[in-house]
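**Student:** Quick one: sequence plus predicted model below, questions after.
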Amino acid sequence: MIYGILLAAGTSSRMGQPKQLLAWRGRPLVRHVAEQALASRLAGLVVVVGAAADDVRAALAGLEGRLLIVDNPAYAEGQAGSLRAGLSALPTAARAALVLLVDQPLVGPALIDRILAVYAAQPTAAALVPLCQGRRGTPVLLGHELFDQIQGLTGDIGARAVLAAHPGVALISLDDPALLLDLDTPEQYAEMGWGRIGTHPHPIRYRYAPRLRRRRRGGSSR
C-alpha cells in the first residue's frame, strides 16, 4: 500500500504569512492540496503540521476521518523533522510513501496516479523521482527500504542526500510543469492568479513556467 505524506509544517518565511492558509480557489491551500491527494489512489494521507498548527487543523476540519494529522514540534529546524514525523505515523502496511508539498497546488490526482502507476510497474525501485524537461521535481515516492535512512536525517535537506547516494532510485520522465512549480513568495502567488476561482485551470503553465525556469537556473527558488 502506498500512502501520502503532506508536508504542511513550514514557517513560510519568504511568503511572509503561512502559505498553508493562503486562499486557493475558495479554500485554504492546505485543504486544496489534501483534497487533491484524497481524490487519488493513495491508500491514505498523513498531514504533518507545525507552524500555525491550530489554524491548519481548522482548515482541514471535516477531513479527519479520511486523513491523519500529526505534529512536528521541531518544524523550525527544517523539512527533515517533518519527514520523520510523517514516516513514523505510517501504518506498518505502507510499502512506499509519496511526499507531497503544501505549496504545489497544481499537483492533482491524475498526476499522483501516474506516479503510482509507474511504481506499480517497477516495484523494486528504492524511490521514484519525477522529471520535467530533464529536471527533478516533486512529489517524490520513497520505497520502504529508505524509511530508516530518512529517519536519520536532520535539518532542511529533506530526502535529497539519501536519494543522491542510493543506486536504486529511478528517474521517471513525466514532463508535467506542475512537478516544478511551487509557491514561495507573494510574487509567485500573484503570478498564479492568487488561486482565484474562474482563472485558467493551469494558469502557471502558460504565464509562470518560463520565469520559473530562468529563476532556477540562477539559483533555487526555495
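**Tutor:** Structure's in. What do you need? Numbering: from 1, shown residues only.
**Student:** mind listing the helices for the chain?
**Tutor:** For the chain, applying DSSP state H gives helices covering 29-38, 53-59, 79-88, 109-121, 147-151, 160-165, 186-191, 203-207, 209-218.
**Student:** Out of the ones you listed, point me to the one whose mean pLDDT is lowest.
**Tutor:** Confidence, taken as mean pLDDT, is least for helix 203-207 of the helices of the chain (a mean of 36).
**Student:** what about the residue lying closest to Pro167 once chain neighbours are set aside, neighbour count?
**Tutor:** Counting by Cβ to Cβ, 6 or more residues apart in numbering, Pro167 lies nearest to Ala126, which is 7.9 Å off, once chain neighbours are set aside. Any C-beta I mention is one placed from the backbone N, CA and C, and that applies to glycine too. For Ala126, the count of nearby residues is 19 (other Cβ atoms under 10 Å).
**Student:** Save the helices of the chain as CSV, and put in distance to Gly134 and mean neighbour count too.
**Tutor:** Output for the helices of the chain, formatted as CSV (distance: least, Cβ to Cβ, whole Å; neighbours: other Cβ atoms under 10 Å):
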stretch, distance to Gly134, mean neighbour count
helix 29-38, 25, 22
helix 53-59, 34, 16
helix 79-88, 24, 22
helix 109-121, 17, 16
helix 147-151, 25, 15
helix 160-165, 16, 15
helix 186-191, 22, 16
helix 203-207, 17, 15
helix 209-218, 11, 12
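**Student:** Reformat those as CSV; add distance to Leu98.
**Tutor:** Output for the helices of the chain, formatted as CSV (distance: least, Cβ to Cβ, whole Å):
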stretch, distance to Leu98
helix 29-38, 8
helix 53-59, 20
helix 79-88, 11
helix 109-121, 7
helix 147-151, 13
helix 160-165, 14
helix 186-191, 23
helix 203-207, 21
helix 209-218, 22
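**Student:** Val102 is nearest to which of those helices?
**Tutor:** helix 29-38 (5.3 Å; Cβ to Cβ).
**Student:** Now do the closest one: distance to the chain's middle.
**Tutor:** Centroid separation for helix 29-38 versus its chain: 10 Å, with Cα atoms, centre = their mean, to the nearest Å.
**Student:** outside of it, which residues touch it?
**Tutor:** Contacts with helix 29-38, where a contact means Cβ atoms under 8 Å, 6 or more residues apart in numbering, come from 4, 6, 8, 19-25, 45, 47, 56, 59-60, 63, 66-67, 100-105, 107-109, 112, 183, 195.
**Student:** buried subset of these?
**Tutor:** Taking 16 or more other Cβ atoms under 10 Å as the criterion, what is buried in the contacts of helix 29-38 is 4, 6, 8, 19-22, 24, 45, 47, 56, 59-60, 67, 100-105, 107-108, 112, 183, 195.
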